[in-house]
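J.: Predicted model and sequence follow; I will ask about them next.
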There are 2 protein chains.
Amino acid sequence: MDTELLKGTLSLLILSLLSRKAMYGYQIAATVHADTDGAFQWREGSLYPALHKLEQAKLIAGEWEDTDAGRKRRYYRLTAKGRAALTEKTAAWAELCRAVNRVLEVSNGPA
Amino acid sequence: MDTELLKGTLSLLILSLLSRKAMYGYQIAATVHADTDGAFQWREGSLYPALHKLEQAKLIAGEWEDTDAGRKRRYYRLTAKGRAALTEKTAAWAELCRAVNRVLEVSNGPA
DNA sequence: TCCGATACATCGAATATCTATGTATATCCG
DNA sequence: CGGATATACATAGATATTCGATGTATCGGA
């Protein structure tokens, strides 16, 4: 799939996933992969920097947690600011879809 | 509007617009701006390099034409290869929309 | 006559994502 | 018991796209 189109959807989807419940990085990647039947295959090199950036912007908040197995996980939850950003980004996404689809439809001949 | 989301849609929309008829750069920008009620506002600095890149990839073919006013325009038309790319990119776009919307819907609670 | 619209172009900057690589532990299988 | 795989995080460098600024030139209207 044309990876260029994916740009910008990463932060939107992370925020959306975290609106369900607090999750850690690896879990986020697995969830989006499952939810979209593999349409999204985020690499760690994309995901973790994105999480750090969202945390720096205070849209999400992370907290270390020890599992019983001694492995550390960093759980992220959505902040109030993040929830607002999610609303905004969702609206922008909807508008983008409408705009693009309008152009494609006009090109294909008005229904 | 969050400009990050726009990435990758530029070439898709250019190809789509040119599938209607041959157009020149300025006209492409004006058309997409009108068709989307201003949702897309491409700068010349984005559009012209994109056109050059598509031409280099032989997805579109350009030809200089003189207007009666002495101004030169470069008309671009879709090549066969470009038409194939358009089909491909349109499918990728549809899949992206489906995938993103699926995640958003699951987050908002299954209808 | 001057300004804005038309019409093209290029360069550098900003930004996001990918690839590759690294660390460490737990678990499964032979 | 040893090795491969999955879990779980992280960073650094490369790549690519788009934006902003700037430049050239012509034409029409105020």
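T.: Cool, the structure landed.

J.: Tell me how many other residues crowd A:T9.
T.: 23 (other C-beta atoms under 10 Å in any protein chain shown). Every C-beta, even on glycine, is put in place using the N, C-alpha and C of the backbone.

J.: Skip the chain neighbours and tell me the closest residue to it.
T.: Counting by C-beta to C-beta, 6 or more residues apart in numbering or on different chains, B:V100 is the residue found nearest to A:T9 once chain neighbours are left out, at 5.7 Å.

J.: Which helix or strand contains the one you found?
T.: Using DSSP states H and E, B:V100 falls within helix B:80-107.

J.: and the angle for that helix with helix A:80-107?
T.: Inter-element angle recorded for helix B:80-107 and helix A:80-107: 140 degrees (by axes from the mean of the first three to the mean of the last three C-alpha atoms, to 10 degrees).

J.: which residues does the residue nearest to A:T9 contact?
T.: Counting by C-beta atoms under 8 Å, 6 or more residues apart in numbering or on different chains, B:V100 makes contact with A:T9, A:L12, A:L13, A:W93.

J.: Which ones, among these, also lie beside DNA strand C?
T.: Taking C-beta under 7 Å from any atom of the strand, the overlap between the contacts of B:V100 and the neighbourhood of DNA strand C is A:T9.

J.: quick check, nearest of the contacts of B:V100 to A:T36?
T.: Closest to A:T36 out of the contacts of B:V100 is A:L13 (8.9 Å), distances taken as C-beta to C-beta.

J.: Please list the residues of chain A that sit near chain B.
T.: Counting by C-beta under 8 Å from any C-beta of the partner chain, the residues of chain A lying close to chain B are A:1-9, A:11-13, A:16-17, A:19-20, A:32, A:35-37, A:39-40, A:88-90, A:92-93, A:95-100, A:102-104, A:106-107.

J.: pLDDT value on the spatially closest residue to A:L13 that is not a sequence neighbour, please?
T.: Leaving aside its chain neighbours, A:L13 sits nearest to B:V103 (5.4 Å; criterion: C-beta to C-beta, 6+ apart). With respect to pLDDT, B:V103 scores 95.

J.: Quick check, B:V103 in contact with A:L10.
T.: No - if you go by C-beta atoms under 8 Å, B:V103 and A:L10 don't touch, sitting 11.3 Å apart.

J.: Any idea how many residues pack against the residue nearest to A:W42 when sequence neighbours are not counted?
T.: Once flanking residues are discounted, A:W42 sits nearest to A:A29: 5.2 Å by C-beta to C-beta, 6+ apart. Applying other C-beta under 10 Å, we find 21 residues neighbouring A:A29.
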